[in-house]
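Asks: one predicted model, sequence on top.
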Amino acid sequence: MSKTLRIFGCGGAGINLVSHYFGKETAAGTAELAPALIDTSRSNLRGRKIDEAATYLVEGLDGSGKIRSENYEEINKTIKQILVQIPPGDFNLVVFSASGGSGSVVGPLLLKALNERKLPAIAIVVGTDESTIAAENTLKTIKSLELVAKNSDLPVIMSFHKNDLGGRRSETDRAVWSVISCLSILTSGENMEMDYRDLVHWVQYTKVNGGRSQLATMHVATSADHMKRITAPLSVASLYGDPDQEHLATSADYQSVGYADLSGTDFDQVHFVIGVNDLQRIGQDLKAQVSGMMEERNARIDVDSLLEDGDSEGDVVL
């Protein structure tokens, strides 16, 4: 019997990405997908075919308007209730944008709650630098995830995707769906020689290596060449289509290897690599982007008012 992969879509971007899975049948050799939606506004749900039982709206709110602090307290109060109404799966994905005001708060708080319950979870995060506040929010959200890991005894694992200016959002959407598709194979519970506890230890690798809890990134490599380009892995889960295939060596502290039916894919192996080397680059890029935007903001010229000393309110209105 397939394991359940709960996919929490948080905020507008999370809803856009996760509502894609409602009504989809479970494919052979994959986990049973269980999509769920969480938001502070019904506006993102309009026109979508969803399951109301798997949808949670924080009462009394109508969005956050990109201000992360706007509804933090109200959202924080509801996290336990959310997990009662929408129970976690055997494995959990939390999908959200780092640049908005709702998903970027719900996502980290949900991951904190899942970590506290020792449940395996991965954050799938979409960042953007389309405006100063979007770039600032993205940086602050990643810092929030790092704090969750620091204050926990388990790491937080993040698959990070960036909507670049001039790029197509549909490309980022496809990249996220591809990661989810690969993870649905990994977490199916039907792979030879890879059991559930193997996957728990892959995500919660500090139980094995005794290292400190921190924010880490996950990459999906669907070829040997791609796998070899990923440096300094900490934890790796590898699936091969055939036990007789050449297995790739890794310097990771932990590795689990299994065998899956990959005939329905266009690859014969897939590797899920967790490490921390990316974080410095991601953080530096975002800090540089925010700094540049702030510099432009501070360089704006204050325009003199058109009003003159003798102008009155009546003169202006009439």
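Replies: Alright, I've got the coordinates.
Asks: could I get the full set of helices for the stretch 151-300 of the chain?
Replies: 169-186, 196-203, 206-209, 224-229, 277-298 (DSSP state H, counting those that start in this stretch).
Asks: what helix or strand does the most centrally placed residue in the chain sit in?
Replies: When CA atoms, centre = their mean is applied to the chain, the residue found nearest the centroid is residue 124 (1.8 Å). Using DSSP states H and E, residue 124 sits in strand 121-128.
Asks: avg pLDDT for that strand?
Replies: Confidence for strand 121-128, expressed as mean pLDDT, is 95.
Asks: list the contacts of that strand.
Replies: Applying CB atoms under 8 Å, 6 or more residues apart in numbering, the external contacts of strand 121-128 come out as 13, 17, 88, 91-99, 107-108, 111, 114-115, 134-135, 138, 141-142, 145, 156-164, 172, 176, 179-180, 183, 203, 218, 286. The way it works is simple: take the backbone N, C-alpha and C, and place the C-beta from them, glycine included.
Asks: which strands border it, and is each parallel or antiparallel?
Replies: strand 91-97 (parallel), strand 156-163 (parallel) (DSSP bridges).
Asks: any weak-confidence spans in the chain?
Replies: The chain contains residues with pLDDT under 70 at 1, 60-70, 165-167, 293-297, 299-301, 306, 310-318.
Asks: need the strands for it, in chain order.
Replies: Assigned by DSSP state E, the strands in the chain fall at 4-10, 32-39, 55-57, 91-97, 121-128, 156-163, 215-221, 233-240, 254-259, 269-275.
Asks: rewinding a little: which among the contacts of strand 121-128 end up buried?
Replies: 13, 17, 88, 91-99, 107-108, 111, 114-115, 134-135, 138, 141-142, 145, 156-163, 172, 176, 179-180, 183, 203, 218, 286 (16 or more other CB atoms under 10 Å).
Asks: quick check: residue 25 vs residue 177, distance?
Replies: 16 Å (CB to CB, to the nearest Å).
Asks: list the contacts for residue 92?
Replies: Contacts of residue 92 (CB under 8 Å, 6+ apart): 5-8, 114, 119-122.
Asks: so what's it closest to, chain neighbours aside?
Replies: In space, and not counting its chain neighbours, residue 92 is closest to residue 121: 4.1 Å by CB to CB, 6 or more residues apart in numbering.
Asks: what is the neighbour count of the one you found?
Replies: 23 (other CB atoms under 10 Å).
Asks: is residue 271 in a bridge, and if so with what?
Replies: residue 221, residue 238.
Asks: let me know whether it touches residue 225 as I believe.
Replies: No. Using CB atoms under 8 Å as the test, residue 271 is too far from residue 225 to be in contact (11.2 Å).
Asks: and those two? Which one has more around it.
Replies: Higher neighbour count among residue 271 and residue 225: residue 271, with 26 against 8, using other CB under 10 Å.
Asks: thinking again about what came up before, any chance of the strands paired with strand 121-128 in JSON lines, plus distance to residue 229?
Replies: Formatted as JSON lines, the entries for those read as follows, by distance: least, CB to CB, whole Å:
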{"stretch": "strand 91-97", "distance to residue 229": "25"}
{"stretch": "strand 156-163", "distance to residue 229": "17"}
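Asks: contact partners for residue 256?
Replies: 194, 198-199, 201-202, 236-238.
Asks: kindly recompute the last result at 6 Å.
Replies: 194, 198, 202, 237 (CB atoms under 6 Å, 6 or more residues apart in numbering).
Asks: what of residue 12?
Replies: Contacts for residue 12 (CB under 6 Å, 6+ apart) come out as residue 44.
Asks: redo that, cut-off 7 Å
Replies: 44, 97, 100, 103 (CB atoms under 7 Å, 6 or more residues apart in numbering).
Asks: please narrow those to those residing in helices.
Replies: Here DSSP state H is the test, and the contacts of residue 12 give residue 103 as lying in helices.
Asks: rebuild the contacts of residue 12 as CSV, extending it with distance to residue 187.
Replies: Listed next are the contacts of residue 12 as CSV, based on distance: CB to CB, whole Å:
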residue, distance to residue 187
44, 27
97, 23
100, 27
103, 22
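Asks: which of the contacts of residue 12 lies closest to residue 230?
Replies: Closest approach between these and residue 230, by CB to CB: residue 97, at 25.0 Å.
Asks: I figured the closest one hits residue 11, correct?
Replies: Yes. With contacts counted by CB atoms under 7 Å, residue 97 reaches residue 11, the gap being 5.9 Å.
Asks: which neighbours do these two share?
Replies: Residues within reach of residue 97 and of residue 11 at once, by CB under 7 Å, 6+ apart, are 103-104.
Asks: quick one on the thing from earlier: in CSV, list the helices of the stretch 151-300 of the chain along with distance to residue 242.
Replies: Listed next are the helices of the stretch 151-300 of the chain as CSV, based on distance: least, CB to CB, whole Å:
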stretch, distance to residue 242
helix 169-186, 15
helix 196-203, 19
helix 206-209, 27
helix 224-229, 14
helix 277-298, 30
